[in-house]
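**Student:** just the structure for this:
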Amino acid sequence: QVQLVDSGGGLVQAGGSLRLSCAASGRAFSNYAMGWYRQAPGKEREFVAAISWNGGTTNTADSVKGRFTISRDNAKNMVYLQMNSLKPEDTAVYFCAAEWFGTAQTMSIMQRIDCWGQGTQVTVSS
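**Tutor:** Have a look, this model is predicted:
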């Protein structure tokens with residue numbers, strides 16, 4: 001399995017931006033679809049965004065569409081989530097996720113996720 005390490009979270013004011021990073025190590029990174037989930041206090045973990053193995057296809061939750069952009073660099077084994085126009089309701093722990101031979105679409109099914117990062121806290125103040 002691939003090992004995932006999330007980073008880049010922090011405290012930001014509403015309207016601000018953050019970029020999350022996920023570093024992957026281990027088994028063939030390019031064979032994984034990659035994505036991000038988040039979990040706010042007292043709420044279930046939810047899908048945010050995903051990207052296919054070659055970056056050709058992305059899938060973004062309606063709640064962040066037009067504000068968040070996912071990308072990957074297979075040469076560096078990295079996945080990124082650029083978050084713009086942040087809102088207080090975006091406050092959550094964000095988790096990098098991977099699915100072996102998945103797609104940007106199947107990544108939105110949490111039961112299909114094979115690997116998780118440890119999570120990084122994003123706090124948006126009003």
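
**Student:** let's check: the centremost residue of this protein is which one?
**Tutor:** Centroid-nearest residue in the chain: Trp36, 2.0 Å away (criterion: Cα atoms, centre = their mean).

**Student:** Arg45 is in contact with that one, correct?
**Tutor:** No - when contacts are counted by Cβ atoms under 8 Å, Trp36 is not listed as touching Arg45 (10.7 Å). C-betas here are computed from N, CA, C, even on glycine.

**Student:** mutual contacts of these two, please.
**Tutor:** Phe95 (Cβ atoms under 8 Å, 6 or more residues apart in numbering).

**Student:** helix or strand for the residue nearest to the centre of the chain, which one?
**Tutor:** Counting by DSSP states H and E, the element that carries Trp36 is strand 32-39.

**Student:** for the helix or strand following that strand, packing partners?
**Tutor:** Downstream of strand 32-39, the first helix or strand assigned by DSSP H and E is strand 46-51. Strand 46-51 sits against strand 32-39, strand 58-60, strand 68-73, strand 78-83, with contacts defined as 3 or more Cβ pairs under 8 Å, 6 or more residues apart in numbering; DSSP states H and E.

**Student:** tell me which of the ones you listed sits most buried.
**Tutor:** strand 32-39 (a mean of 26; mean count of other Cβ atoms under 10 Å).

**Student:** tell me the strands beside that strand, with direction?
**Tutor:** Strand 32-39 sits in its sheet next to strand 46-51 (antiparallel), strand 92-100 (antiparallel), going by DSSP bridges.
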